[in-house]
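# I'll drop the sequence and a predicted model, then ask my questions.
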Amino acid sequence: MSMSSYSVRPALARDAKAIAEIHVATWQAAYKDLMPDDYLNKMTVAKRQAYWQEAIEYSEPQVLVATDGDRLVGFVGFDRSRDPKTRSTVGEIWAIYVAPEHWGKGVGLLLWDGARDGLKDEGCTQVTMWVLLGNERALQFCEHAAGFKREMPSLKTVDFGSVKLEEIRLKRAVD
């Protein structure tokens with residue numbers, strides 16, 4: 001295996017389209033057995049691009065991208081926790097996605113490390129993230145690679161078109 005040429009940097013406005021493409025492709029690959037096709041097909045690059053353009057412009061959330069040479073291969077969005085009644089020292093990974101052809105190659109960990117450093121700089125001591133219970137790949141990554149633990153009473157049900165799925169909150173210290 002050759003040495004990775006992956007690196008992580010803050011997202012720029014011009015990255016929004018590539019971020020949106022990765023977001024849509026990853027959802028369609030990761031959730032194809034969990035969510036209805038009609039729901040996944042409604043998720044368009046144009047809609048996601050507008051969302052990520054705004055996120056990058058206003059740093060809500062803060063966005064980092066992983067690159068392989070000149071190509072964007074993943075991204076992470078992080079900020080304070082969006083959960084109600086959460087202390088200001090609790091951060092949240094809002095989104096972390098890697099292009100499917102780069103799964104299992106360490107990109108997610110590089111993004112997580114970048115987000116952890118950013119959260120530490122913001123004064124966060126804990127970090128959470130919500131993951132769909134059926135998304136085994138994501139749960140494996142969060143628990144085994146990134147050191148998150150499940151918060152058992154945290155289950156919540158989310159509507160995805162005609163399907164209701166459960167998400168669980170994972171948590172760990174920012175250290």
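Nice, thanks for sending it over. Bear in mind the structure is a predicted one, so any value in this text is a computation, not a measurement.
# element containing E54?
Taking DSSP states H and E as the definition, E54 sits inside helix 45-58.
# so how far is that helix off the chain centroid?
Computed by Cα atoms, centre = their mean, to the nearest Å, the chain-centroid distance of helix 45-58 equals 14 Å.
# tell me the mean pLDDT for that helix?
Helix 45-58 comes out with an average pLDDT of 96.
# any idea which helix or strand comes after it?
Note on helix 45-58: by DSSP H and E, the next helix or strand toward the C-terminus is strand 62-68.
# that following strand pairs with which strands, and in what direction?
strand 6-10 (antiparallel), strand 71-80 (antiparallel) (DSSP bridges).
# low-confidence regions, this structure specifically.
Applying pLDDT under 70 to the chain picks out residues 1-4.
# center of it - which residue?
The centroid of the chain falls nearest to I96 when counting by Cα atoms, centre = their mean (1.7 Å).
# circling back to that earlier point, and the angle from the helix holding E54 to strand 6-10?
With axes from the mean of the first three to the mean of the last three Cα atoms, to 10 degrees as the basis, helix 45-58 and strand 6-10 are set at 60 degrees to each other.
# this protein: strands as residue ranges?
For the chain, the strands defined by DSSP state E cover 6-10, 62-68, 71-80, 90-98, 126-132, 149-150, 156-160, 163-173.
# include distance to G108 when you put the ones you listed into a markdown table, please.
All C-beta spots, glycine's among them, are computed from the backbone N, C-alpha and C. Listed next are those as a markdown table, based on distance: least, Cβ to Cβ, whole Å:
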| stretch | distance to G108 |
| --- | --- |
| strand 6-10 | 10 |
| strand 62-68 | 8 |
| strand 71-80 | 7 |
| strand 90-98 | 5 |
| strand 126-132 | 12 |
| strand 149-150 | 17 |
| strand 156-160 | 22 |
| strand 163-173 | 14 |
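# to L40, which of these lies closest?
strand 156-160 (8.6 Å; Cβ to Cβ).
# adjacent strands (with direction) for that closest one?
strand 163-173 (antiparallel).
# and the contacts of the partner strand?
Residues from elsewhere that reach strand 163-173, judged by Cβ atoms under 8 Å, 6 or more residues apart in numbering: 34-36, 39, 83, 125-134, 139, 142-143, 146-152, 154-158.
# so which of the strands paired with strand 62-68 is the most surrounded?
Greatest average neighbour count among these goes to strand 71-80 (a mean of 22), per mean count of other Cβ atoms under 10 Å.
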